[in-house]
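[1] 3D model of this:
(chains A and B)
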Amino acid sequence: MATTMRRPTDPAPPPASSIGPGPVCPVPLEETQRVLLGHGSGGKLSARLLREEFLPHLGNDILAQLGDAAVLRLGDSDIAMSTDTFVVKPLEFPGGDIGSLSIHGTINDLAMMGARPAFVSAGFVLEEGLDLDVLRRVVRSMGRAATEVGVRLVTGDTKVVERGKADGIYINTTGLGLLDGLFRPSPDRARPGDAIIVSGPIGRHGIAIMAARNALGFETEIESDSAPLIAIVDILRNTVGVETRVLRDPTRGGVASSLNEIAAASRVGIELDEESLPVPGEVGAACELLGLDPLYVANEGILLAFIPESAVGRVIPALRAHPLAAAATRIGCVVDQHPGMVVLRTAIGGTRVVDMLPGDQLPRIC
Amino acid sequence: MKYLSEYRDPAIARGLVKRIRARASRPWTLMEVCGGQTHTIVRQGLDELLEGAVEMIHGPGCPVCVTPLEQIDRALYLAAREDVIFTSFGDMLRVPGSHCDLLQIRARGGNIQVVYSPLDALEIARRNPGREVVFFAVGFETTAPANAMAVWRARELGITNFSMLVSHVTVPPAMTAILDAPDNRVQGFLAAGHVCTVMGWTEYEPIARTYRVPIVVTGFEPLDLLEGMLMCVNQLEEGRYDVENQYVRSVKREGTPRARGIVEQVFRLVDRSWRGIGEVPASGLGLRPEFADFDAERRFALDSIRATEPAECHAGDVLRGKLKPMECPAFGTRCTPERPLGAPMVSSEGACAAYYNYGRYRSTAAAAT
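    Okay, here's the model as predicted:
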């Protein structure tokens, strides 16, 4: 075994690291002065970054609504606008790639506000040395995804950075869509008595990505659920209409983080029923082995819908008739107790709070 | 899902809850030893279902919670060194040291990699001969065999850039420390099934006899825990104090001799500090002298890094069941899951973090009624 020995020979106290001036990190825990990976997790750290660093300088009445997309008035029209940046690794994964994902992600955000997506822009950051074949496949897939849902990519930009300064391809997309009529779902419109519906099985995207990174240490057949949700929103528009109170695609941070945000925005409590959560067997098994909770795993092709309880009976069959929502099911309801909090009723009959995570989900030891 | 859904059957679980409630002629106070068991209890809300019949004190068996501040500070120092790739199980990353945590060191440029097995850390060492690779070896007897095996393999393969920062602890001394405390409230134990899978239960027999306390080796699924509680309550009601085995599908009285063998060849018993409890004699595992080359504390001369626990954190009293997390003056104010003072607020299975969520819910629910 070819190994070189690099062992400190000096028995004196260890030299100060170049990373921090002292023998241990000098930054007090409560005063993080650097961006952590957890700031991008969609959990509490992300929320704090937004609240403390961005909103004070960039805030206005429209941004302050913090929806999936901004709702704007332009001339006589109401439009929705949303932007999203994609840094997924690997660039191609079972069930999708960064190209199709960058279209789905942005148009889904528009759809969650009730808008019909029309135009998309794209900004590419490419790393020097990227295989052009990879770029071609990604762009082709992006074009296909846009055509499929009838949006046109109308402006774009490309930058190349030195090798090592990016990870292959980063894509930012911004979407514009038209709002029509009174169909205006919004995260602050949930009210006690609403039922909560999820359109499909949870946790597939996150687990597929982990598997593609070989982070699982075992084989799995699970594919990302990356898909456009416009057709699913149309079903809700046609069956429930203006009574569709909240729509949300639970991406980063998973179902748990989305529900917490809605509970806070609407100042209501949310009660989930553990037995009704559609967790695919493979997602459940992977989470079990890794010590993760599927409620916090990312999705890219399902939505949460808050609708009046009385509409559930006709919505579920309508959703299930569509291949992307064949597993649609009711997972819980809105209550007037414990406002701002999501509580899960376990199969056995106990309860537990499903909180926002502080940062990224960390695998447990035991 | 084989071996999962069977042990989570809600109807059987509700039946067991009923039987425990019927059997308990008075409220009993039990301790589940292992953090994995705490996790299931909190996740399933089992403690809530048994209120008034069984009170569960969450034991010291969460490696994240009991790893002393000093070892965390040493880990932080190593992780910040330019010549080191620091490898660790995931949930150690957010444990606060005196000044920061591993996640923050990573943001400042430290090379920290999460691994699921110490053998993965060894592989990283093999592929990076120019770097020192340190594995943070924490945990109880459960993780000890794999960690011992990694050191053994490193020696076999002649990998010299691999070492371990060892903070291993063992269960029996912690149980006797809890039982010896003058204000101990624990009347029975659910012993940790996976620890016993390795070690068996012979070492618990003298504890049960000496302290006249029932000990039931228990698994981790909801039905395991409820059955373990029922067996414990049965013993208490009958005035027995035996070691019984609920986790028969995994545990034998003698444990797993091969796993014990490798542990004994690589590790020896040492005195060890427990976060919040203090030094407990012969309560930890350290590398044997013949494996001293793989000891990160020696390799990097870490003796000079010392730390004292913050006085404001009452983790020790919580870990011993003396103080309910909510009774701590810092609870929920100076100490929250985002800004933890001590480890039990960090881990999802830590008692304080569990109560933080549960307690918030209970207090708002009470206010609403």
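[2] need the three-state assignment for the residue of the stretch 51-200 of chain A found nearest chain B.
    Residue nearest to chain B within the stretch 51-200 of chain A: residue A:192 (11.5 Å; CB to the nearest CB). Placement of C-beta: from N, CA and C, glycine included. Using DSSP: H, G, I helix; E, B strand; the rest coil, the structure places residue A:192 in coil.
[3] for residue A:273, see how far away the residue lying closest to it once chain neighbours are set aside is.
    Using CB to CB, 6 or more residues apart in numbering or on different chains and skipping residues adjacent in sequence, the residue nearest residue A:192 is residue A:336, 4.1 Å away. Note on residue A:336: its distance to residue A:273, by CB to CB, to the nearest Å, is 18 Å.
[4] tell me which of those two has more neighbours.
    Neighbour comparison, residue A:336 and residue A:273: the larger count goes to residue A:273, with 16 against 12 (by other CB atoms under 10 Å in any protein chain shown).
[5] give me phi/psi at that one?
    For residue A:273, the backbone dihedrals (degrees, to the nearest 10) come out as phi -110, psi 110.
[6] that one reaches residue A:343, doesn't it?
    No: the criterion here is CB atoms under 8 Å, and residue A:273 misses it with residue A:343 at 10.5 Å.
[7] one step back: contacts only, for the residue of the stretch 51-200 of chain A closest to chain B.
    A:268, A:269, A:334, A:335, A:336 (CB atoms under 8 Å, 6 or more residues apart in numbering or on different chains).
[8] go on, residue A:102?
    Contacts of residue A:102 (CB under 8 Å, 6+ apart): A:84, A:86, A:122, A:142, A:171, A:172, A:173.
[9] swap in 7 Å and give it another go.
    A:86, A:122, A:142, A:171, A:173 (CB atoms under 7 Å, 6 or more residues apart in numbering or on different chains).
[10] from these, which land in strands?
    A:86, A:122, A:171, A:173 (DSSP state E).
[11] report the two of these separated the most.
    A:86 and A:122 (10.0 Å; CB to CB).
[12] residues that sit against both of those two, list them.
    Counting by CB under 7 Å, 6+ apart, the residues touching both residue A:86 and residue A:122 are A:102, A:171.
[13] show me the chain divided up by domain.
    You didn't say which chain, so I picked chain A. In the domain annotation for chain A, the residue ranges read A:69-178, A:194-353 (automatic domain parsing).
[14] wait, I meant chain B there
    Split by automatic domain parsing, chain B gives B:5-64+B:171-245, B:66-169+B:279-304, B:315-368.
[15] so which of these comes closest to chain A?
    domain B:5-64+B:171-245 (1.9 Å).
[16] can you report how many residues lie near the closest residue to chain B within chain A?
    Closest to chain B within chain A is residue A:350: 1.9 Å, counting by CB to the nearest CB. When neighbours are counted by other CB under 10 Å, residue A:350 registers 22.
[17] any chance you could map the strands in the stretch 151-300 of chain A?
    Taking DSSP state E, counting those that start in this stretch as the test, the strands found in the stretch 151-300 of chain A are A:152-161, A:169-178, A:194-198, A:246-248, A:269-273.
[18] what do you get for chain B?
    B:28-34, B:54-61, B:84-88, B:111-114, B:132-139, B:162-169, B:188-192, B:215-218, B:243-245, B:267-274, B:278-287.
[19] what's near enough to touch the spatially closest residue to residue A:155 that is not a sequence neighbour?
    Leaving aside its sequence neighbours, residue A:155 sits nearest to residue A:121 (CB to CB, 6+ apart; 4.6 Å). Residues in contact with residue A:121 (CB under 7 Å, 6+ apart) are A:154, A:155, A:156, A:173, A:174.
[20] possible to save those as a markdown table with pLDDT and neighbour count?
    As requested, those are exported to a markdown table (pLDDT from 0 to 100; neighbours: other CB atoms under 10 Å in any protein chain shown):
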| residue | pLDDT | neighbour count |
| --- | --- | --- |
| A:154 | 97 | 11 |
| A:155 | 97 | 10 |
| A:156 | 96 | 13 |
| A:173 | 98 | 27 |
| A:174 | 98 | 17 |
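[21] sorry, back to before: I'd like the domains of chain B as a markdown table, with distance to residue A:310 and mean neighbour count appended.
    Below are those laid out as a markdown table (distance: least, CB to CB, whole Å; neighbours: other CB atoms under 10 Å in any protein chain shown):
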| stretch | distance to residue A:310 | mean neighbour count |
| --- | --- | --- |
| domain B:5-64+B:171-245 | 28 | 21 |
| domain B:66-169+B:279-304 | 44 | 21 |
| domain B:315-368 | 24 | 21 |
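[22] who in the stretch 101-250 of chain B is up against chain A?
    The stretch 101-250 of chain B comes close to chain A at residues B:101, B:103-105, B:107-110, B:114, B:116, B:129-130, B:132, B:139, B:142-143, B:157-161, B:194, B:222, as judged by CB under 7 Å from any CB of the partner chain.
[23] in helices, which of those residues appear?
    Among these, DSSP state H puts B:103, B:104, B:105, B:107, B:157, B:194, B:222 in helices.
[24] what's the first one in contact with, if anything?
    This means residue B:103. Residue B:103 neighbours (CB under 7 Å, 6+ apart): A:36, A:38, A:359, B:93, B:94.
[25] can you tell me how far it sits from residue B:93?
    5 Å.
[26] ditto for the last one
    Between residue B:222 and residue B:93 the distance, using CB to CB, works out to 28 Å.
[27] how about the second one?
    In this structure, residue B:104 and residue B:93 are 10 Å apart, going by CB to CB.
[28] what's the weakest-modelled helix or strand in chain B?
    helix B:351-368 (a mean of 65; mean pLDDT, DSSP states H and E).
[29] grab the nearest non-local neighbour of residue 286.
    Going with chain A. Sequence neighbours aside, residue A:207 is the residue nearest to residue A:286 in space, at 5.0 Å (criterion: CB to CB, 6+ apart).
[30] was after chain B, sorry
    residue B:270 (3.8 Å).
[31] for residue B:12, same thing?
    Nearest to residue B:12 is residue B:223, by CB to CB, 6+ apart, at 5.9 Å.
[32] returning to that earlier point: out of the domains of chain A, which is the most enclosed?
    domain A:194-353 (a mean of 21; mean count of other CB atoms under 10 Å in any protein chain shown).
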